[in-house]
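>>> Provided below for reference: sequence and predicted model.
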Amino acid sequence: GAVVSQHPSWVICKSGTSVKIECRSLDFQATTMFWYRQFPKQSLMLMATSNEGSKATYEQGVEKDKFLINHASLTLSTLTVTSAHPEDSSFYICSARGGPSSYNEQFFGPGTRLTVL
Amino acid sequence: GNSVTQMEGPVTLSEEAFLTINCTYTATGYPSLFWYVQYPGEGLQLLLKATKADDKGSNKGFEATYRKETTSFHLEKGSVQVSDSAVYFCALLNNFNKFYFGSGTKLNVKP
């Protein structure tokens, strides 16, 4: 089946630093990747959609300059949280669309837990 | 607009009990409906899906029927196991390929 990985699985950083999270589709080419944010005991909220080789499309209320998304290849997208603050602490999940299914199914990564001190 | 509403948890059941987790939706157009499961510390895994009205999705003993007339997609399982303990998310995928998730329902199954 289609597998999506994320790295790191968890990260702790100091306030003011930047953190990069990678999302990879391991066995298929992902034409589109999505980044979600999940607060404790809450649902996933779509942050942005990225297509390979083009700029990401951000959802309303998501700061483009704070959450930098790069989708440089068909198997890799990165989310960089710039100048992180404690309120950025969350569970970040990516998904990738493509793969063997003709239905354009999205496959989710295992998530990255970010804690900003 | 598009939205998904599912019953609040946690839901606590004994092993082999019958499970129902309610999910209703509002949508424009003709969405597809999904149930995802999230185990502690992990991402979402697709449990089942239905792409059009009256379709029934099923997997691992779980099933849900796409009811357009009641805008519902309730998740059911006849006999739950301890290993089914997780958080379950109902979701819709709209015609623009954008997901909308419910708030999740935590299921605790006790032996």
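Okay, I see it.
>>> low-confidence ranges in chain A?
Within chain A, the stretches with pLDDT under 70 are A:1, A:99-104.
>>> which residue ranges of it form strands?
Assignment of strands within chain A using DSSP state E yields the ranges A:4-7, A:10-13, A:19-25, A:30-38, A:44-51, A:57-58, A:67-73, A:76-81, A:90-98, A:106-108, A:112-116.
>>> who in chain B is up against chain A?
Near chain A, the residues belonging to chain B are B:36, B:41-46, B:51, B:89, B:93, B:97-99, B:101-104, B:106 when assessed by C-beta under 8 Å from any C-beta of the partner chain. Every C-beta, even on glycine, is put in place using the N, C-alpha and C of the backbone.
>>> give me the contact list for stretch A:39-56.
With C-beta atoms under 8 Å, 6 or more residues apart in numbering or on different chains as the test, stretch A:39-56 has contacts from A:30-38, A:57-59, A:62, A:64, A:67, A:69-74, A:77, A:79, A:90-91, A:93, B:44, B:89, B:98-99, B:101-104, B:106.
>>> returning to what we had before: so can I have TSV of the strands of chain A showing mean neighbour count?
Written out in TSV, the entries for these read as follows (neighbours: other C-beta atoms under 10 Å in any protein chain shown):
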stretch	mean neighbour count
strand A:4-7	18
strand A:10-13	14
strand A:19-25	21
strand A:30-38	23
strand A:44-51	21
strand A:57-58	16
strand A:67-73	17
strand A:76-81	21
strand A:90-98	24
strand A:106-108	24
strand A:112-116	18
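>>> out of those strands, which gets nearest to B:Thr65?
Closest to B:Thr65 of the strands of chain A, according to C-beta to C-beta: strand A:106-108, at 22.1 Å.
>>> and that closest one, what does it pack against?
In this structure, strand A:106-108 packs against strand A:90-98, strand B:44-50, with contacts taken as 3 or more C-beta pairs under 8 Å, 6 or more residues apart in numbering or on different chains; DSSP states H and E.
>>> same thing but at 10 Å, please
Secondary-structure packing of strand A:106-108 (3 or more C-beta pairs under 10 Å, 6 or more residues apart in numbering or on different chains; DSSP states H and E): strand A:4-7, strand A:30-38, strand A:90-98, strand B:32-38, strand B:44-50.
>>> what does it rub up against?
A:1-4, A:6, A:23, A:25-28, A:30, A:32-34, A:36, A:44, A:93-99, A:101, B:34, B:36, B:38, B:42-46, B:91, B:93, B:97, B:99 (C-beta atoms under 10 Å, 6 or more residues apart in numbering or on different chains).
>>> give me the number of residues near residue 56?
Chain wasn't specified; assuming chain A. For A:Ala56, the count of nearby residues is 21 (other C-beta atoms under 10 Å in any protein chain shown).
>>> wrong one, I was asking about chain B
Applying other C-beta under 10 Å, I find that B:Lys56 has 10 neighbouring residues.
>>> for A:Lys14, see how far away it is.
Here B:Lys56 is placed at a distance of 50 Å from A:Lys14 (C-beta to C-beta, to the nearest Å).
>>> same check, this time on A:Ser25
As it turns out, when the distance is counted by C-beta to C-beta, A:Ser25 lies 31 Å from A:Lys14.
>>> phi, psi of A:Phe28?
Listed backbone geometry of A:Phe28 is phi -160, psi 160, with angles given as degrees, to the nearest 10.
>>> please report how far it lies from chain B.
Taking C-beta to the nearest C-beta, to the nearest Å as the measure, A:Phe28 and chain B are separated by 15 Å.
>>> before I go, just wanted to say thanks for your time.
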